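Give me coordinates for this.
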Amino acid sequence: MYTINLTAAQVKYQNQIVTTSEAVNRGWLDSLVYENATWQTLDIRNGSFKSGGSYWIYALIDNVTLTLVGLDQQAQQGMIRRATHDSRFGIAIIETFGKNLNWPGYPDWELRWMNFNFTGDRTVTIYHATYKPDASVRYTIFLDPDTNQWSGWTQVFP
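This is a model prediction of the structure:
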């Protein structure tokens with residue numbers, strides 16, 4: 001058993017990394033959860049868990065690893081993963097990572113960003129938005145310099 005923050009957790013089994021919800025769907029974790037001094041059946045898959053809450057969860061199979069991942073690290077991973085889906089992107093420029101946790105006009109969202117090398121000796125910024133009430137809801141977007149249009153928000157999955 002582990003105490004974890006479900007919105008900042010990843011579950012690993014045999015080189016596969018998924019969310020806690022997907023781990024329940026795959027039969028890696030039980031949905032019987034210890035919360036507020038009682039055992040309760042909470043359905044992770046429909047968002048019954050409170051964002052930022054701490055829970056005890058049972059693994060149903062051996063060698064399952066629960067890992068806490070900070071929101072900054074999750075955002076960096078999400079942006080890097082987004083860049084890998086477009087061959088024009090090169091290496092992330094980690095030192096350009098920035099964030100605005102009080103995004104003006106969007107009080108329920110946190111904004112993070114990082115620059116990447118891009119074809120034609122250009123630099124492109126990928127932005128990452130995290131929904132404060134449920135940090136598992138995350139999206140990325142970038143301004144495509146070839147079309148001068150936004151790529152559209154793409155949901156981030158582990």
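
Report the residue ranges of every domain in this protein.
2-68, 71-155 (automatic domain parsing).

If you average pLDDT over each of those domains, which is lowest?
Looking at these, the lowest mean pLDDT belongs to domain 2-68 (a mean of 71).

related to what we said a few turns ago, may I see the domains of the chain organised as CSV, with mean neighbour count added?
The way it works is simple: take the backbone N, C-alpha and C, and place the C-beta from them, glycine included. Converted to CSV, the domains of the chain look like this (neighbours: other Cβ atoms under 10 Å):
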stretch, mean neighbour count
domain 2-68, 15
domain 71-155, 16
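
Can you pull the phi and psi angles for W109?
phi -130, psi 150 (degrees, to the nearest 10).

Bridged to it, which residues?
Counting by DSSP bridges, W109 is bridged to Y131.

Check F89 too.
Beta bridges link F89 to F118, judged by DSSP bridges.

mind listing what the residue of the chain most remote from its centre touches?
Distance from the C-alpha centroid of the chain, by Cα atoms, centre = their mean, peaks at G120 (29.8 Å). Each residue near G120 by Cβ atoms under 8 Å, 6 or more residues apart in numbering is listed here: P145.

in which helix or strand would I find it?
Here G120 is covered by no helix or strand, with elements defined by DSSP states H and E.
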